[in-house]
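Asks: below are the sequence and a predicted model; questions follow.
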Amino acid sequence: MSDKAIRKIVIVGGGTAGWMTAAPLALKLGAACEIVLIESPEIGTVGVGEATLPSIRYYNQTLGLDAADFVKKTHATFKLGIEFKDWGHLGNRFFHGFGDFGPAIENRPAYMYWLRLARDNKNMPSYEEWSVATAMARANRFTAPYGDRPSPTNAFSYAFHFDAGLYAAYLREYAMARGVERVEGMICDVEQHPETGFITAVRLSDGRRVEGDLFVDCSGFRGLLIEGVYKAGYDDWSAMLPCNSAQAVPCAKADRLTPFTTSTARGAGWTWRIPLQHRTGNGHVYCDGFTSDDEAAEALLAGLDGAALDTPRQLRFKTGRRRKSWIKNCVAIGLSSGFLEPLESTSINMIEQTVGWLVQFFPDRDCRPALAGEFNRLVSQRYEFLRDFIILHYKLTNRDDTEFWRYCRNMPVPDNLQHQIDLFRDSSRVAILDQQGFLEDSWASILLGHGIIPEKNDPFIDLMDAGQLAEHFRKIRASIRQAVDAMPDHAAFVDDVVSDEPAGRRAA
Ligand SMILES: Cc1cc2nc3c(=O)[nH]c(=O)nc-3n(C[C@H](O)[C@H](O)[C@H](O)COP(=O)(O)OP(=O)(O)OC[C@H]3O[C@@H](n4cnc5c(N)ncnc54)[C@H](O)[C@@H]3O)c2cc1C
């Protein structure tokens, strides 16, 4: 290693972001670098991130975690996507599944061919019948995709629902076994180099001092270092994503262990339902300018499908992004770098991404500004892509039953998003601006789910023989149904995975 190599990293914060940062750094750096993580039990963690995207599996695999052990220790269940209720209009129901709507034909996604058939045939079954993930979710079944070769019945992916506290504890154990030192204490002061402005040490309220070369700010919404020390600034996006409050409450688990998250639109926001092995997580995300906290709690508790196990916990947030996430020798990861409401489970995914970029652009002790610049460019851009995808859900609504939904329908949206909506409405095409983010079929799920039917078909698709196309779709639908019918029930699959039988341990 060079004589300028980072010798000591200090991670500030022991929430999901802190431990998700500590684990891969410990794995990659080993004995070459000392890693200290400081957390304050007095402050605690947000601890409500329980739904993920499929990328979490690759993050876990990179650490070499045993999938069955992970499912067992974090009380995880499998997630095939999100069921949206009452979003487009009251009574509207659609599913955003992980996967496509059938195999692409001549480089065009299958939903475009479905649109052609549905235009001529009013009895055409819903496009969702060609999504394997959706068919599995509706039948309450789950199995992992087999092999590496995608096929029409294997074209789905999956993520997890897990207990956020148990996941952080799981990673803590992993990171500490690889040498990470955990310090309990409250940081009350920060020392900086008088000339460079680099952070040199943090001071704890009991007088201890922790020095470091690189400081990772995982201190949550407060952004103790990135904002407290460097005044990075914050882009406030609440005009386009007005929800600013949440209440969360666990309830007794339901009889049916569903392999998906449910998001139900409410008068001034939406509620989530996340099934875990031992309980169901619930929450209400809302804008306090359009409803009161008491009304929000009432709506949340009235919608539970089991006995509440606690009183609702109040959370406040401001949707937006820190203007810079890396300044000098301080890198912000997690809520300290920004927050988008949890509608599409993007926060933990963003942590995976930013930890990956930190590893990719890992600096020397001089922390060259170009590295920070590239990191900041990627983080800023990614936040904007994700923001636009979430705004889409609100903007497309036809609901006008409350002031909140009338506001969402009429609010201006970013140019890129307006372009995306116009492109789809006009031509059924989707622009892929973010290669690593939500892809064509995800955008189509939300647009079609809200009832947006494009005005024109693709001219090449119009040239195809409709009879042959219909037969192709019929066959695929029949094979999806047959494959799903043969899959185990989700609860049975989870039981199999967490059992100590060797067969179960292979299943995840
Ligand atoms: C309502 C809601 C629902 C969510 N649902 C999801 C979801 O379903 N899926 C998803 O991906 N994400 C979700 N998220 C986001 C997810 O919870 C966070 O991204 C994740 O928990 C990371 O938080 P964090 O570690 O950045 O911050 P925190 O959990 O806030 O951790 C901050 C840490 O910093 C420490 N700290 C702070 N100040 C000091 C100090 N002065 N001295 C010492 N230590 C200090 C604290 O002790 C704590 O350990 C949700 C968020 C909210 C608000």
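Replies: Ah, there it is. Computed from a predicted model, the values in this text were never measured in an experiment.
Asks: now for the longest helix along the chain, which elements pack on it?
Replies: Using DSSP state H to define each element, the chain has its longest helix at helix 369-395. Packing partners of helix 369-395 (3 or more Cβ pairs under 8 Å, 6 or more residues apart in numbering; DSSP states H and E): strand 320-322, strand 326-327, helix 346-360, helix 403-410, helix 415-427, helix 440-449. All C-beta spots, glycine's among them, are computed from the backbone N, C-alpha and C.
Asks: what do you get if the cut-off is 6 Å, keeping everything else the same?
Replies: Counting by 3 or more Cβ pairs under 6 Å, 6 or more residues apart in numbering; DSSP states H and E, the packing neighbours recorded for helix 369-395 are strand 326-327, helix 346-360, helix 415-427.
Asks: out of those, which comes closest to residue 91?
Replies: helix 415-427 (22.6 Å; Cβ to Cβ).
Asks: from the rest of the structure, what touches the closest one?
Replies: Where contact means Cβ atoms under 6 Å, 6 or more residues apart in numbering, the residues beyond helix 415-427 that reach it are 388, 391, 429, 431, 447, 454, 455, 456.
Asks: next, the angle helix 440-449 makes with that helix.
Replies: 70 degrees (axes from the mean of the first three to the mean of the last three Cα atoms, to 10 degrees).
Asks: for the remainder of this discussion, apply numbering that starts at 37.
Replies: Yep, numbering from 37; the last one is helix 451-463 now.
Asks: how far out from the middle of the chain is helix 451-463?
Replies: 24 Å (Cα atoms, centre = their mean, to the nearest Å).
Asks: can you pull the buried residues of it?
Replies: By neighbour count on 16 or more other Cβ atoms under 10 Å, the buried set for helix 451-463 is 453, 456, 457, 460.
Asks: next one: the last one from residue 467, what distance?
Replies: For residue 460, the distance to residue 467 under the criterion Cβ to Cβ, to the nearest Å works out to 9 Å.
Asks: and what of residue 316?
Replies: In this view, residue 316 and residue 467 are 37 Å apart by Cβ to Cβ.
Asks: please say which of the two ends up with more neighbours.
Replies: Set residue 316 next to residue 467 and count neighbours by other Cβ atoms under 10 Å: residue 316 wins out with 23 against 12.
Asks: tell me what that one is bridged to.
Replies: For residue 316, the beta-bridge partners under DSSP bridges are residue 287, residue 311.
Asks: so where is the stretch 437-544 of the chain shaky, pLDDT-wise?
Replies: 537-544 (pLDDT under 70).
Asks: how does it look with 50?
Replies: Residues of the stretch 437-544 of the chain meeting the criterion pLDDT under 50: 540-542.
Asks: over to the chain?
Replies: Residue ranges of the chain with pLDDT under 50: 540-542.
Asks: the stretch 337-486 of the chain against the ligand: which residues are in contact?
Replies: Residues of the stretch 337-486 of the chain lying close to the ligand by Cβ under 6 Å from any ligand atom are 351, 353, 370, 371, 372, 378, 381, 383, 384.
Asks: ok, now which ones touch the fourth one?
Replies: Read that as residue 371. Taking Cβ under 6 Å, 6+ apart, we find residue 371 in contact with 256, 257.
Asks: can I assume it sits in a helix?
Replies: Yes. Counting by DSSP: H, G, I helix; E, B strand; the rest coil, residue 371 is located in a helix.
Asks: what separation is there between it and residue 49?
Replies: Relative to residue 49, residue 371 is positioned 9 Å away (Cβ to Cβ).
Asks: redo the buried residues of helix 451-463 as TSV? Include distance to residue 141.
Replies: Shown next, in TSV, are the buried residues of helix 451-463 (distance: Cβ to Cβ, whole Å):
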residue	distance to residue 141
453	28
456	23
457	25
460	19
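Asks: which of those residues lies closest to the ligand?
Replies: residue 453 (21.3 Å; Cβ to the nearest ligand atom).
Asks: residues near residue 346, how many?
Replies: Neighbours of residue 346 using other Cβ under 10 Å come to 10.
Asks: I meant to write residue 158 there.
Replies: As a burial measure, residue 158 scores 6 neighbours (other Cβ under 10 Å).
Asks: that one should be in a helix, yeah?
Replies: No. Read with three-state DSSP, residue 158 is coil and lies in no helix.
Asks: list the contacts for it?
Replies: No contacts exist for residue 158 under Cβ under 6 Å, 6+ apart.
Asks: and it, how far from residue 497?
Replies: 18 Å.
Asks: same thing with residue 133?
Replies: 23 Å.
Asks: leaving out the residues flanking it, which one is nearest to the residue in the stretch 137-286 of the chain positioned nearest to the ligand?
Replies: Nearest residue of the stretch 137-286 of the chain to the ligand (Cβ to the nearest ligand atom) works out as residue 256 at 2.6 Å. Nearest residue to residue 256, sequence neighbours excluded (Cβ to Cβ, 6 or more residues apart in numbering): residue 371, at 4.7 Å.
Asks: so which of residue 133 and residue 497 has more stuff around it?
Replies: More crowded of residue 133 and residue 497, by other Cβ under 10 Å: residue 133, with 27 against 18.
Asks: go ahead and confirm residue 108 touches residue 533.
Replies: No. Assessed by Cβ atoms under 6 Å, residue 108 is found out of contact with residue 533, at 7.4 Å.
Asks: more crowded one of these two?
Replies: Per other Cβ under 10 Å, whichever of residue 108 and residue 533 has more neighbours is residue 533, with 25 against 20.
Asks: part of a strand, is that one?
Replies: No. The assignment for residue 533 is helix, going by three-state DSSP, so no strand is present there.
Asks: from residue 526, how far out is it?
Replies: 11 Å.
Asks: then residue 79?
Replies: Applying Cβ to Cβ, the value for residue 79 to residue 526 is 36 Å.
Asks: for residue 45, same thing?
Replies: 40 Å.
Asks: over to residue 448?
Replies: For residue 448, the distance to residue 526 - Cβ to Cβ - is 41 Å.
Asks: close to the ligand: what parts of the stretch 87-236 of the chain are there?
Replies: Counting by Cβ under 6 Å from any ligand atom, the residues of the stretch 87-236 of the chain near the ligand are 87, 88, 200, 222, 223.
Asks: 8 Å instead, please
Replies: Within the stretch 87-236 of the chain, the residues that sit near the ligand (Cβ under 8 Å from any ligand atom) are 87, 88, 89, 200, 204, 221, 222, 223, 224.
Asks: look up phi and psi at the spatially closest residue to the fifth one that is not a sequence neighbour.
Replies: Sequence neighbours aside, residue 55 is the residue nearest to residue 204 in space, at 4.8 Å (criterion: Cβ to Cβ, 6+ apart). Here is the backbone geometry of residue 55 (degrees, to the nearest 10): phi -80, psi -30.
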